[in-house]
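**Student:** what follows is a predicted protein model with its sequence.
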Amino acid sequence: MATLAVIQTGGKQYLVREGQEFNIEKLSLEEGATVDFEVLLLTDEEGTNTRVGTPTLSGVTVSAKVQGQGRTDKVSIIKYKSKSRYRRNVGHRQPFTRIKIEKIAA
């Protein structure tokens, strides 16, 4: 039976389970480093045993390993004003950290 947890990082909340890999907002950590997250909610796969934190659960942590750093694809931001010869084209690549959930310690 897999355990699900809700963690918060970078102003966002993520529903995670062990072995899952995903991208989060950039953390200043080296590749291979371990990071622990506080848990907001903990439940089993069926949802029968659910614990909700106020705001976090004490004694429960999620351990993750940093897989690497990267940047997303470029997003073009184009500004244009008609009849005034104003055009502006800038790009943005959001940095991220790729992590893998190692263990949910309840």
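**Tutor:** Okay, I see it. Since the structure is predicted, the reported quantities are computational estimates derived from the model, not experimental observations.

**Student:** which of the helices and strands in this structure ranks last by mean pLDDT?
**Tutor:** The least trusted helix or strand in the chain, going by mean pLDDT, DSSP states H and E, turns out to be strand 50-52, with a mean of 83.

**Student:** just checking: what are the partner strands of that one?
**Tutor:** strand 34-44 (antiparallel) (DSSP bridges).

**Student:** contacts for the strand it pairs with, please.
**Tutor:** 1-9, 13, 27, 29, 49-53, 55-57, 60-66, 99, 102, 104, 106 (C-beta atoms under 8 Å, 6 or more residues apart in numbering). All C-beta atoms are positioned from the backbone trio N, CA, C, and that covers glycine.

**Student:** now, those residues that are in helices?
**Tutor:** The members of these all map outside helices under DSSP state H.

**Student:** mind showing which ranges of the chain have poor pLDDT?
**Tutor:** 1 (pLDDT under 70).

**Student:** most centrally placed residue in it?
**Tutor:** Ile24 (3.1 Å; C-alpha atoms, centre = their mean).

**Student:** ok, now which ones touch it?
**Tutor:** Here Ile24 is in contact with 9-10, 12, 14, 96-97, 99 (C-beta under 8 Å, 6+ apart).

**Student:** go with 7 Å
**Tutor:** By C-beta atoms under 7 Å, 6 or more residues apart in numbering, Ile24 lies in contact with 9-10, 96-97, 99.

**Student:** secondary structure element holding it?
**Tutor:** Assessed by DSSP states H and E, Ile24 sits inside strand 21-25.

**Student:** now that strand: buried residues?
**Tutor:** For strand 21-25, burial by neighbour count (16 or more other C-beta atoms under 10 Å) applies to 23-24.
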